[in-house]
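Q: show me how the following folds:
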Amino acid sequence: MDIFLVRHGTAAATWEEHSDPGLSSRGFEEAQNLVSDFTSFSVGSVDLISSPLARARETAVPLSHKLNQKVDISESITEVPSPVDLIHRKKWLQRFMKQKWQDQDDVVLAWRSSAIHFVKSLSRPSVLFTHFLLINAILGELMKLDDTLYFWPKNCSITHIRSKGTSLELVSLGDQMQSTVN
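A: Here you go, the predicted model:
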């Protein structure tokens, strides 16, 4: 069963500027372009599921309209929980991305475990509108890697995985970005 992990479009604010920014004008354009990107995947009937954060929900809208179906919201595919306040989030994130999963606290490990369980429990082909580090958490699990950062998914990139019951396999990575996370 096919599962598509879509990183949200470009946000209107950075990690240290806003706790839940929506999309920038560029992000809205990227989200609109996803509609044509999905035609290359020959996506048939799929469930659309989004993180509750604004940038992910807004990224889902154009495909939702094209397919004329609603988007379900799931806390299980939200952004990694940050243990620091807004002003310190970028520095925390930069450290986090150099670490291993084995170095993480119980809150972060529970977030990762919940996401992996959620993806493995999907029973229909699905498009998940989610976040940079959530995609890395899922890929780390299926590739059996301990690094928190495996690759740098570009905004609105589509990573294609396949569920085989209790296991996941990588079909194709999404496009990668050349800069840092905003």
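
Q: so which residues of this protein form helices?
A: Ranges of helices within the chain are 25-39, 54-67, 89-96, 106-121, 132-143, based on DSSP state H.

Q: out of these, nearest to residue 18?
A: helix 54-67 (9.3 Å; CB to CB). Any C-beta I mention is one placed from the backbone N, CA and C, and that applies to glycine too.

Q: mind putting the helices of the chain into JSON lines with mean pLDDT?
A: Formatted as JSON lines, the helices of the chain follow (pLDDT from 0 to 100):
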{"stretch": "helix 25-39", "mean pLDDT": "91"}
{"stretch": "helix 54-67", "mean pLDDT": "96"}
{"stretch": "helix 89-96", "mean pLDDT": "92"}
{"stretch": "helix 106-121", "mean pLDDT": "96"}
{"stretch": "helix 132-143", "mean pLDDT": "96"}
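
Q: switch the ones you listed over to JSON lines; also include distance to residue 76 and mean neighbour count.
A: Shown next, in JSON lines, are the helices of the chain (distance: least, CB to CB, whole Å; neighbours: other CB atoms under 10 Å):
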{"stretch": "helix 25-39", "distance to residue 76": "21", "mean neighbour count": "16"}
{"stretch": "helix 54-67", "distance to residue 76": "12", "mean neighbour count": "21"}
{"stretch": "helix 89-96", "distance to residue 76": "19", "mean neighbour count": "16"}
{"stretch": "helix 106-121", "distance to residue 76": "4", "mean neighbour count": "16"}
{"stretch": "helix 132-143", "distance to residue 76": "9", "mean neighbour count": "22"}
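
Q: any chance of those helices in JSON lines, plus distance to residue 160?
A: Rendered in JSON lines, the data for those read as follows (distance: least, CB to CB, whole Å):
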{"stretch": "helix 25-39", "distance to residue 160": "11"}
{"stretch": "helix 54-67", "distance to residue 160": "15"}
{"stretch": "helix 89-96", "distance to residue 160": "26"}
{"stretch": "helix 106-121", "distance to residue 160": "13"}
{"stretch": "helix 132-143", "distance to residue 160": "11"}
